[in-house]
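Engineer: Below is the sequence, then the predicted model.
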There are 2 protein chains.
Amino acid sequence: MDDQHDSVRAVYWEDDALHLLDQRRLPAQEHWLQPADCQAVAAAIRDMVVRGAPAIGIAAAYGAVIAARARYRAAPAAWRDPLRADLETLRQARPTAVNLAWALERVAARLEDLRGDPEPALLALARDIHRQDVAANRRMGELGAALIEAGSGVLTHCNTGSLATGGYGTALGVIRSAWRAAKLSAVFADETRPWLQGARLTAWELVRDAIPVKLVVDAAAAHLMQSAQVQWLIVGADRIAANGDVANKIGTCTAAVVARHYGVKVMVVAPASSVDLRTPCGADIPIEQRPPAEVLQLAGAPVAAAGADAWNPAFDITPASLIDAIVTERGVVLRPDREKMTALMS
Amino acid sequence: MDDQHDSVRAVYWEDDALHLLDQRRLPAQEHWLQPADCQAVAAAIRDMVVRGAPAIGIAAAYGAVIAARARYRAAPAAWRDPLRADLETLRQARPTAVNLAWALERVAARLEDLRGDPEPALLALARDIHRQDVAANRRMGELGAALIEAGSGVLTHCNTGSLATGGYGTALGVIRSAWRAAKLSAVFADETRPWLQGARLTAWELVRDAIPVKLVVDAAAAHLMQSAQVQWLIVGADRIAANGDVANKIGTCTAAVVARHYGVKVMVVAPASSVDLRTPCGADIPIEQRPPAEVLQLAGAPVAAAGADAWNPAFDITPASLIDAIVTERGVVLRPDREKMTALMS
């Protein structure tokens, strides 16, 4: 917590327990949960208590600690196979973000040579994943902010801040760093339907951290860019394919298409753990379909007439051809393609 | 009311009174208002009891009848100047839709040679405007549907149906006609933030009229079009400039940019009364800014943190270059420009 522009943390481990800020209740309430077992951690991921690809990965790593404790207590000589089943439960909580699988693979690899109580080693690993994420975000913040000319306006989509990561944020981390460097004329945030992560989370985070923000409806992108109020669209990623295609919150590709049309540049900010070289291109990324009720209802009350249906994909794929820069802690890839992404990750 | 696909009317005159379906309460309640005076009609327009450019024009024409009755009763020999002031009150209720000004100019012109009680003549004129609107919509329905190939999916934005017009609808009228002609594989409707006219109104109207509809969040446009589920984007217009630029609900231009990117065709459907040859191009159309609270709150409760701001333009401008067809009751203009629009209107 170095300054007023970085005061928020939504996932942490303390007193032998995982603490999760229930993001579904923001901004009205700051309610914290302590999931008691692996199933509760998986439910928290599935039900979006915790969301954002890096934050999900970190929560799952801590979830593995909770699972290991229970399995070791239940069967000190035979905890390994049940724990592997728990990791699978966690992995299946959400399909699109690759950080979840990435974190659990690190956990699974660490298990192999463990003898005795696995908890201390897994806790050390989870803390490591968490610490590395924050460090990576700060590095991305610097790298991304360096791409932005002073006096620029920026638009972001969804929430990619401290709430979506171990802390500081990816796209929102770049905005934090650029704001601190006095480079930004204005920060616009898409409200990001249907979950309104922009309105509920990004605005909350930025207001808390003393960075002025103007919300816009997602569909205002063209009017906003037409009027030359923004020079960069800055977004996160749930998964980046080997060719640089990006899966991210529904609406990202729409905003990127509009940005390209108006000459606004597109920056994707994500840790290297979001890059999945085993996924050749965007078409190979599974897109989670969420319940129609998320569109048909508002705050639990029906907004559409009974009998109406909804199509509710949670993510879309932005092709590499629409992206000007992918920023990771390993460096910046301009105009990404397969070759450059492979070089970045090697 | 010729069939099951055209059962809705939201504005009508009966028993010497204007009846307005309060669209703010749909779909939960079907609540009707009878504005008692000209100020109440202006408030109903400003507060979006009635919305949609053609419906606003019709409501204002009936509002002039109510105003004329009051002014004539108050001063049978001197109603003309006060009534002109009332027309100005009505005209200022909303700035972007040109149909409002167009209808009131017809009223003002009719006033010039009236002697005695103006009410019967103005009522006849209002009924005429209303009837002509429905007839124009049916004609546009035919013309627009003829452009659509069988088996097409369509996406529409906002509400342009019976609720937005005298009846049948503009863009939604084309969808009604195309549905009746069994040409449509699917009808998608943008929910249309911030007022959710798509979710609240279009879905209600289509469910009532037995046309299946799938709602999507506005920002899903790219994912929807990428997946080839729609071949036409069909929208209305609040004003069409002399060069074919179109002012319509915020998000229309965003959807049109995305449509062009994916080879989806764009159809704008509006009566000739929406064409304003005195407005040279889109940049000359005033864009109504609405209160930030419409974005910062949901159903009256804050959704964003206190301290967050919002930028809330109600309309955007889609340039003629992104439009494949403008459909009016006078005919179809393909790839609109100044010359073709002038020819259409001459």
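Structural biologist: That came through, no problem. Numbers count the residues shown, from 1 in each chain, chains lettered A, B, ... in the order given.
Engineer: mind listing the helices in the stretch 51-200 of chain A by residue range?
Structural biologist: For the stretch 51-200 of chain A, the helices defined by DSSP state H, counting those that start in this stretch cover A:53-74, A:80-91, A:98-111, A:119-145, A:171-180, A:197.
Engineer: Of those helices, which is nearest chain B?
Structural biologist: Closest to chain B of the helices of the stretch 51-200 of chain A, according to Cβ to the nearest Cβ: helix A:197, at 11.0 Å. All C-beta atoms are positioned from the backbone trio N, CA, C, and that covers glycine.
Engineer: Make JSON lines out of the helices of the stretch 51-200 of chain A and add distance to chain B, mean pLDDT and mean neighbour count.
Structural biologist: Shown next, in JSON lines, are those (distance: least, Cβ to the nearest Cβ, whole Å; pLDDT from 0 to 100; neighbours: other Cβ atoms under 10 Å in any protein chain shown):
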{"stretch": "helix A:53-74", "distance to chain B": "18", "mean pLDDT": "97", "mean neighbour count": "26"}
{"stretch": "helix A:80-91", "distance to chain B": "25", "mean pLDDT": "97", "mean neighbour count": "18"}
{"stretch": "helix A:98-111", "distance to chain B": "19", "mean pLDDT": "95", "mean neighbour count": "21"}
{"stretch": "helix A:119-145", "distance to chain B": "22", "mean pLDDT": "98", "mean neighbour count": "20"}
{"stretch": "helix A:171-180", "distance to chain B": "14", "mean pLDDT": "98", "mean neighbour count": "27"}
{"stretch": "helix A:197", "distance to chain B": "11", "mean pLDDT": "96", "mean neighbour count": "27"}
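Engineer: Show me how chain A divides into domains.
Structural biologist: Domain ranges of chain A: A:11-135, A:137-345, per automatic domain parsing.
Engineer: Pick the most deeply packed of the ones you listed.
Structural biologist: Among these, domain A:137-345 has the highest mean neighbour count (mean count of other Cβ atoms under 10 Å in any protein chain shown), at a mean of 23.
Engineer: From start to finish, how long is it in a straight line?
Structural biologist: By Cα to Cα, to the nearest Å, the extent of domain A:137-345 from end to end equals 17 Å.
Engineer: contact partners of stretch A:273-283?
Structural biologist: A:53-54, A:57, A:97-99, A:102-103, A:237-243, A:245-247, A:285, A:317-319, A:328, A:341-342, A:344-345 (Cβ atoms under 8 Å, 6 or more residues apart in numbering or on different chains).
Engineer: Also stretch A:114-131?
Structural biologist: So stretch A:114-131 is contacted by A:11-13, A:57-58, A:61-62, A:64-65, A:68-69, A:72, A:76, A:79, A:83, A:103, A:106-107, A:110-111, A:166 (Cβ under 8 Å, 6+ apart).
Engineer: can I have that stretch written out in PDB, keeping just the CAs?
Structural biologist: Output in PDB follows, covering the C-alpha atoms of stretch A:114-131 (Å, rounded to 0.1, in the frame of the first residue of the first chain):
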ATOM      1  CA  LEU A 114       5.900 -33.400  -1.100                       C
ATOM      2  CA  ARG A 115       6.100 -35.700   1.800                       C
ATOM      3  CA  GLY A 116       4.200 -35.200   5.100                       C
ATOM      4  CA  ASP A 117       1.900 -32.200   5.700                       C
ATOM      5  CA  PRO A 118       1.500 -30.400   2.300                       C
ATOM      6  CA  GLU A 119       0.000 -27.200   3.800                       C
ATOM      7  CA  PRO A 120       3.200 -25.200   4.500                       C
ATOM      8  CA  ALA A 121       4.600 -25.700   1.100                       C
ATOM      9  CA  LEU A 122       1.300 -25.000  -0.700                       C
ATOM     10  CA  LEU A 123       0.800 -21.800   1.400                       C
ATOM     11  CA  ALA A 124       4.300 -20.700   0.500                       C
ATOM     12  CA  LEU A 125       3.500 -21.300  -3.200                       C
ATOM     13  CA  ALA A 126       0.100 -19.500  -3.000                       C
ATOM     14  CA  ARG A 127       1.800 -16.500  -1.300                       C
ATOM     15  CA  ASP A 128       4.400 -16.600  -4.000                       C
ATOM     16  CA  ILE A 129       1.800 -16.600  -6.800                       C
ATOM     17  CA  HIS A 130       0.000 -13.700  -5.000                       C
ATOM     18  CA  ARG A 131       3.200 -11.600  -4.500                       C
END
